[in-house]
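K.L.:
Could you work out the structure for the sequence below:
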Amino acid sequence: MVARKTPRITISRTTLVAVLIAMTAALVSRSVLQVQLLKDGVQAFLAADISYLLVPVVMACLLFPLWRTQRPFLAAQFRLSDLSGRIVFRALTIGLLIRIIWWCQLVAGTSFGIYQSNESSAVVGPVFSFQCAAPAAVALGVLVMGLLTPAIEETVHRGYVLSALRRRGFLISVIVSALVFMVFHRLGSWPFAMFAGLVFGVQYWSTASLWSSLISHSTVNSLILIDWRCLSGLWNPRTEDLPMLPAGLIAISICVICLGVLFTILREMATGAEMPR
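P.N.:
Below is the predicted model:
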């Protein structure tokens, strides 16, 4: 697999370390603010969203001298000439497939007893309802999860981390950048973050632009936001009812189909990639 043409600017080790340190400092600052907001009685999801607004501010302050010298590189990541209807459609499809795969593994895991609640009072279900939070809370979530978080994470993990590693080849660049991406997430979400990071890495490698991975990342996060802000579901099958083969097998089948479509799209994107200068 080969990479498309990329900017001639080289991301040095010093630059990469500076970016990662700045992001770490920003996330630590966010965590401190989040804890304080929770102590003040702010709802958990609002505290998480409000506190994240501090991340771009801290990063901009810490990295302003660095980013001033790298405007050509950053501008090259978001060239409008690299954005097309085909790229948008593919990216939206990839984001949707990633989320469907996550749901399928959740249903399959529940059907086969992998995911179980230890609480005796847990609702057996399945019981689902759809009722969104206040419009202002949803709008804030869209701003933070759907726009800011993907933009920051893609710029750091694909734009900087993967670009700094690209001379080491496709596998090392994509896998290591995905590992770094994973580490910056909560421990419980590491498998999903690693999988998504690999997909986003292939997209960036194939297009030499952040548009594709950014749109997919934003799609995934927006669908997660709908789950968190609007969808409520309870399903805890009794141990004696497990395994629930029909539901589990259907979920696995859908997952396999989605993975096949996803890999086909990524292979087509990689096939059209050009050699770097």
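K.L.:
how distant is the helix or strand hosting residue 110 from the center of its chain?
P.N.:
Using DSSP states H and E, residue 110 falls within helix 85-111. Using CA atoms, centre = their mean, to the nearest Å, the mean C-alpha position of helix 85-111 is found 12 Å from that of the whole chain.
K.L.:
Give me the packing partners of that helix, helices and strands only.
P.N.:
When contacts are defined as 3 or more CB pairs under 8 Å, 6 or more residues apart in numbering; DSSP states H and E, helix 85-111 sits against helix 190-207, helix 211-229, helix 245-271. From N, CA and C alone the C-beta is placed, and that goes for glycine too.
K.L.:
now the second one, how far from the chain's geometric center?
P.N.:
Distance of helix 211-229 from the chain centroid (CA atoms, centre = their mean) equals 7 Å.
K.L.:
For it, give the mean pLDDT please.
P.N.:
In this model, helix 211-229 carries a mean pLDDT of 95.
K.L.:
what do you get for the first one?
P.N.:
Here the mean pLDDT over helix 190-207 is 96, rounded to a whole number.
K.L.:
Give the buried residues for it.
P.N.:
192-207 (16 or more other CB atoms under 10 Å).
K.L.:
now do the second one
P.N.:
Buried positions in helix 211-229, judged by neighbour count with 16+ other CB under 10 Å: 211-226, 229.
K.L.:
repeat for the last one
P.N.:
If you call a residue buried by 16+ other CB under 10 Å, then helix 245-271 has these buried ones: 247-248, 251-252, 254-255, 258-259, 262, 265-266, 269-270.
K.L.:
Go through those and say which is closest to residue 81.
P.N.:
residue 269 (17.3 Å; CB to CB).
K.L.:
Residue 129 in helix, strand or coil?
P.N.:
The three-state label given to residue 129 by DSSP: H, G, I helix; E, B strand; the rest coil is strand.
K.L.:
and the two most separated of the buried residues of helix 190-207?
P.N.:
192 and 207 (22.7 Å).
K.L.:
Okay, and the nearest residue to residue 44 once chain neighbours are set aside sits in which element?
P.N.:
Nearest residue to residue 44, sequence neighbours excluded (CB to CB, 6 or more residues apart in numbering): residue 38, at 6.6 Å. Assigned by DSSP H and E, residue 38 falls within helix 13-39.
K.L.:
If you count contacts, what does that helix end up packed against?
P.N.:
By 3+ CB pairs under 8 Å, 6+ apart, helix 13-39 packs against helix 44-52, helix 54-69, helix 163-165.
K.L.:
Among those helices, which comes closest to residue 117?
P.N.:
The nearest among these, by CB to CB, is helix 44-52 at 19.8 Å.
K.L.:
That closest one - contacts with which helices or strands?
P.N.:
Counting contacts by 3+ CB pairs under 8 Å, 6+ apart, helix 44-52 packs against helix 13-39, helix 135-141.
K.L.:
Mind listing residues that contact the last one?
P.N.:
I take that to be helix 135-141. Helix 135-141 has contacts (CB atoms under 8 Å, 6 or more residues apart in numbering) with 45, 46, 49, 50, 132, 225, 228, 229, 230.
K.L.:
would you put the C-alpha positions of it in CSV?
P.N.:
Extracted in CSV, the C-alpha atoms of helix 135-141 (Å, rounded to 0.1, in the frame of the first residue of the first chain):
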residue,chain,number,x,y,z
PRO,A,135,-32.2,21.4,22.8
ALA,A,136,-29.4,23.5,24.4
ALA,A,137,-27.8,20.4,25.9
VAL,A,138,-28.0,18.5,22.5
ALA,A,139,-26.6,21.5,20.7
LEU,A,140,-23.7,21.8,23.1
GLY,A,141,-23.1,18.0,22.6
